[in-house]
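> coords below, sequence missing:
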């Protein structure tokens, strides 16, 4: 059960930071009058966090003794997550209210947060030595 708690902790940590980053930069763009970029960042960030949470929830469903069943579950989980990430892209393409590039950046919010955290650890560890 400790592994499940760890997965939930990681999900909460990165999802909340990604949402804060998306909303924070969204507010910054809203202040300077770029409403489309604001909407795109927030829309992509929300779906990024939901995708990351869904990925963590589905990990234990894909683990089974049967290799074929596990592969099939993994495939359907991946298709579900890709379909979920297609929603903000479709919305941004069809609507003039959302900036497509900002939506794409928002979709990668969790990955950006992870890279920033690990990059800063590496940078500050090398500065200390």
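Looks like it came in fine. The shown structure was predicted, so the numbers you read here are calculated from the model rather than taken from an experiment.
> and residue 14, what element?
According to DSSP states H and E, residue 14 maps onto helix 2-31.
> And that helix, how far out from the chain middle?
Mean C-alpha position of helix 2-31 versus that of the full chain (CA atoms, centre = their mean, to the nearest Å) differs by 8 Å.
> in that helix, what counts as buried?
Taking 16 or more other CB atoms under 10 Å as the basis for neighbour counts, the residues of helix 2-31 that come out buried are 11, 14-15, 17-19, 21-23, 25-26, 29-30. C-beta coordinates here come from the backbone N, C-alpha and C atoms, glycine included.
> Quick check: buried residues in the host helix or strand of residue 70?
Using DSSP H and E, residue 70 sits in helix 67-94. Judged by neighbour count (16+ other CB under 10 Å), helix 67-94 contains these buried residues: 73, 77, 81, 85, 88-89, 91-92.
> so which of the residues you listed comes closest to residue 57?
If you rank these by distance to residue 57 using CB to CB, residue 77 comes first, at 9.5 Å.
> thinking again about what came up before, which strands or helices does the helix holding residue 70 pack on?
Identification of packing neighbours for helix 67-94 by 3 or more CB pairs under 8 Å, 6 or more residues apart in numbering; DSSP states H and E yields helix 35-62, helix 100-107.
> do you know which of the ones you listed lies nearest residue 68?
In this view, the helices and strands packed on helix 67-94 are compared for proximity to residue 68 by CB to CB, and helix 35-62 is the closest at 12.2 Å.
> angle of the closest one against helix 67-94?
Put simply, helix 35-62 runs at 170 degrees to helix 67-94, going by axes from the mean of the first three to the mean of the last three CA atoms, to 10 degrees.
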